[in-house]
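Student: one predicted model, sequence on top.
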Amino acid sequence: MNVFVFDIETVPDTQGGAGIYGLEGLSDGDIAQAMFALHRQHSGREFLPLHLHKVVSISVVFRNQQHFKVWSLGDLESTEKDLIERFYKGIEKYCPTLVSWNGSGFDLPVLHYRAMLHAISAPAYWETGEENQSFRWNNYISRYHMRHTDLMDLLALYQPKAYVRLDQMATLLGYPGKMGMSGAKVWDYYQQGQLQEIRNYCETDVLNTYLVYLHFQLMRGHLNTKNFQQELQVVQDYLEAQTDKEHMKNFLQAWCMDKPAVATVD
């Protein structure tokens with residue numbers, strides 16, 4: 001089975017916001033501040049509507065029987081359209097189980113809106129049984145199907161009052177969590193031209209999500225204790241081999257400080 005654990009990072013779509021709110025002629029920074037202020041007046045918070053989020057990073061953990069890999073799609077020069085096309089082409093090629101933390105509530109709806117904006121086709125993702133009958137009972141769209149496993153939604157039994165932040169869940173299980181970074185800082189980093197730092201942060205988020213997913217697989221009986229420990233070792237071995245990636249080394253170091261918390265499963 002192919003597993004894609006994914007996460008996106010976004011910034012305000014200042015071009016779209018300028019058109020919607022009549023803010024043409026302002027700088028991107030001023031447009032974003034106006035968008036935040038307008039939405040705060042409307043809803044009491046600055047977090048923008050999902051259709052006004054521009055995707056600047058998509059990171060993935062890929063796992064199958066032979067391989068484990070963590071990377072960010074595209075490169076520093078990739079456009080938003082290129083990133084999203086790569087994401088959906090990966091689904092076309094591998095037909096993976098998608099795993100996310102709040103992917104149903106944020107990441108996937110954002111990708112839907114932005115794919116429409118860029119006229120991106122994604123037939124495998126939207127398949128619900130018309131062409132492939134197996135997708136009738138297990139597809140990416142249904143909330144209660146496992147082809148997309150939104151861990152936050154599922155573990156809370158679809159009750160918003162039971163939702164947990166990834167950072168807290170990962171830390172609870174003995175993993176590094178956010179390590180001082182958060183999605184709230186992405187816009188500031190982006191304005192400063194620190195896109196690589198955003199991509200690095202996104203990669204640590206998918207690592208945290210994958211490690212939480214392993215606990216879920218153990219809990220539901222899809223891994224036994226031995227398999228679980230083996231999978232943890234696969235991740236640690238991979239991180240140890242990433243000698244040229246400081247954020248990977250930092251993640252491993254932060255994890256190993258709490259290693260007993262995840263190594264005492266009987």
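Tutor: The structure has been received and is ready for your questions.

Student: which ones are touching Arg147?
Tutor: Thr97, Leu98, Phe135, Asn138, Asn139, Tyr140 (C-beta atoms under 8 Å, 6 or more residues apart in numbering). To be clear about C-beta, it is placed using only N, CA and C from the backbone, and glycine gets the same treatment.

Student: roughly how far does the first one sit from Thr79?
Tutor: The gap separating Thr97 from Thr79 is 28 Å, by C-beta to C-beta, to the nearest Å.

Student: can you pick out the residue with more neighbours from those two?
Tutor: Applying other C-beta atoms under 10 Å to Thr97 and Thr79 shows that Thr97 carries more neighbours, namely 18 against 11.

Student: got phi/psi on the more buried one?
Tutor: Main-chain torsions, Thr97, degrees, to the nearest 10: phi -80, psi 120.

Student: quick check: bridge partners of the residue lying closest to it once chain neighbours are set aside?
Tutor: Spatially, and ignoring its direct neighbours in sequence, Thr97 is nearest to Val3 (5.1 Å; C-beta to C-beta, 6 or more residues apart in numbering). For Val3, the beta-bridge partners are Arg63, Thr97 (DSSP bridges).

Student: ok, Val3 to Lys93 distance?
Tutor: 14 Å.

Student: looking at the two, which is more packed in?
Tutor: Each of Val3 and Lys93 has its neighbours counted (other C-beta under 10 Å); Val3 has more, 19 against 10.

Student: what's the span of stretch 9-16 from first residue to last?
Tutor: Start-to-end span of stretch 9-16 (C-alpha to C-alpha, to the nearest Å) is 17 Å.

Student: stretch 139-154 too?
Tutor: Start-to-end span of stretch 139-154 (C-alpha to C-alpha) is 15 Å.

Student: also stretch 153-163?
Tutor: With C-alpha to C-alpha as the measure, stretch 153-163 spans 7 Å from end to end.

Student: got the contact list for it?
Tutor: Stretch 153-163 has contacts (C-beta under 8 Å, 6+ apart) with Asn102, Ser104, Gly105, Arg143, Met152, Val164, Phe216.

Student: got the contact list for the third one?
Tutor: I take that to be Gly105. Contacts of Gly105 by C-beta under 8 Å, 6+ apart are Asp150, Met152, Asp153.

Student: that one and Leu50, how far apart?
Tutor: Gly105 is 9 Å from Leu50, by C-beta to C-beta.

Student: equivalent analysis for the fourth one, please.
Tutor: As judged by C-beta to C-beta, Arg143 and Leu50 stand 17 Å apart.

Student: these two - which one has more neighbours?
Tutor: It is Leu50, of Arg143 and Leu50, that has more neighbours when counted by other C-beta under 10 Å, with 17 against 10.

Student: returning to what we had before: quick check: ChimeraX command selecting the buried ones in the contacts of stretch 153-163.
Tutor: To isolate the buried ones among those in ChimeraX, judged by 16 or more other C-beta atoms under 10 Å, type:
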select :102,104,105,152
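
Student: closest one of the contacts of stretch 153-163 to Gly44?
Tutor: Gly44 lies nearest to Gly105 out of those, by C-beta to C-beta, at 18.5 Å.

Student: three-state assignment of that closest one?
Tutor: helix (DSSP: H, G, I helix; E, B strand; the rest coil).

Student: apart from its neighbours in sequence, what residue is nearest Leu252?
Tutor: The spatial neighbour of Leu252 that comes closest, neighbours along the chain excluded (C-beta to C-beta, 6+ apart), is Leu239 at 4.1 Å.
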